[in-house]
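Can you look at this prediction? I've put the sequence above it.
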Amino acid sequence: RSSYLCMAPLPRTDHSSQPVSKFDLAYFPMAAETLAGAFEGDPMTSYLFPSGSNNQRRPGYLFQVELGYTFRHGVVETIGEGRALALWLPPGQMKGAFNAMIQSGAALAPIRMGLKATWRVVLLLRSLHQLHSKLISGDHWYLLALGVHPRYRGRRWGSDLLRHGLARARSTNLPCYLET
């Protein structure tokens, strides 16, 4: 995984952008499916949920927790009613994140994802938090997740969501942080 600080000029667009809208809870089932599908086969997801066991539905639970947490404490934006999503944490929202994640459903992770997968998630999150703290310490926007449902890829919805979030960060004169 790599980490990036986004302070560059906004990328040009050579296509008509899709309208970005604020997330509505009615989109939750589609959004959870979108994130699980977007990250299927991703090296991080494969590490957390190795194939060969009954892990097909378990990544979806992790994304449900992230989505619920960001809906309560951040900014969730969508195109296509949950078919493309950007999960942003505004400045200062990393403090107290552990307790807020527990309230968003992480306490059930050992039951829903299994003990081994939960332990791998905890280790990964701890490592990512340490890296995040080393790379950026001041106020910033954190892009927690950006995903497009596999059936809707190629429409540049991910680019539209990213451009929209970067414009917001630029309007607040703050950098962005993301991990890839």
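In hand now; what should we look at? Numbering: from 1, shown residues only.

What's opposite the residue nearest the centre of the chain in the beta bridge?
Nearest to the mean C-alpha position of the chain, counting by CA atoms, centre = their mean, stands residue 145 at 1.8 Å. Beta bridges link residue 145 to residue 87, judged by DSSP bridges.

Thought residue 62 was touching it, still the case?
No. Using CB atoms under 8 Å, residue 145 makes no contact with residue 62, being 10.3 Å away. C-beta: built from backbone N, CA, C; applies to glycine.

OK, contacts around the residue nearest to the centre of the chain?
35, 39, 63, 66, 70, 85, 86, 87 (CB atoms under 8 Å, 6 or more residues apart in numbering).

please redo it, this time with the cut-off set to 7 Å
For residue 145, the contact set (CB atoms under 7 Å, 6 or more residues apart in numbering) comprises 35, 66, 85, 87.

so where's this structure shaky on pLDDT?
1-16, 52-57, 94-100, 102-103 (pLDDT under 70).

mind listing the strands for it?
In the chain, the strands defined using DSSP state E lie at 3-6, 21-22, 75-79, 84-89, 141-148, 176-179.

among those strands, which is nearest residue 45?
strand 141-148 (11.0 Å; CB to CB).

quick check: angle from the closest one to strand 84-89?
Interaxial angle, strand 141-148 versus strand 84-89 (axes from the mean of the first three to the mean of the last three CA atoms, to 10 degrees): 160 degrees.

Tell me the spacing between residue 67 and residue 60.
10 Å (CB to CB, to the nearest Å).

Name the residue in those two with the higher neighbour count.
residue 67 (26 against 19; other CB atoms under 10 Å).

The more buried one against residue 31, yeah?
Yes. Assessed by CB atoms under 7 Å, residue 67 is found in contact with residue 31 at 5.7 Å.

roughly how far out does the lengthiest helix in the chain sit from the chain middle?
The longest helix of the chain (DSSP state H) is helix 115-135. Taking CA atoms, centre = their mean, to the nearest Å, the mean C-alpha location of helix 115-135 is offset from the chain mean by 15 Å.

Next: stretch 25-44.
10 Å.

which residues touch that stretch?
Contacts of stretch 25-44 (CB under 7 Å, 6+ apart): 1, 45, 59-60, 63-64, 67, 78, 81-85, 145, 147-150.

hey, where'd the helices end up in the protein?
Under DSSP H, the chain gives helices at 28-38, 43-48, 58-73, 97-103, 109-113, 115-135, 157-171.

Good, we can wrap up now.
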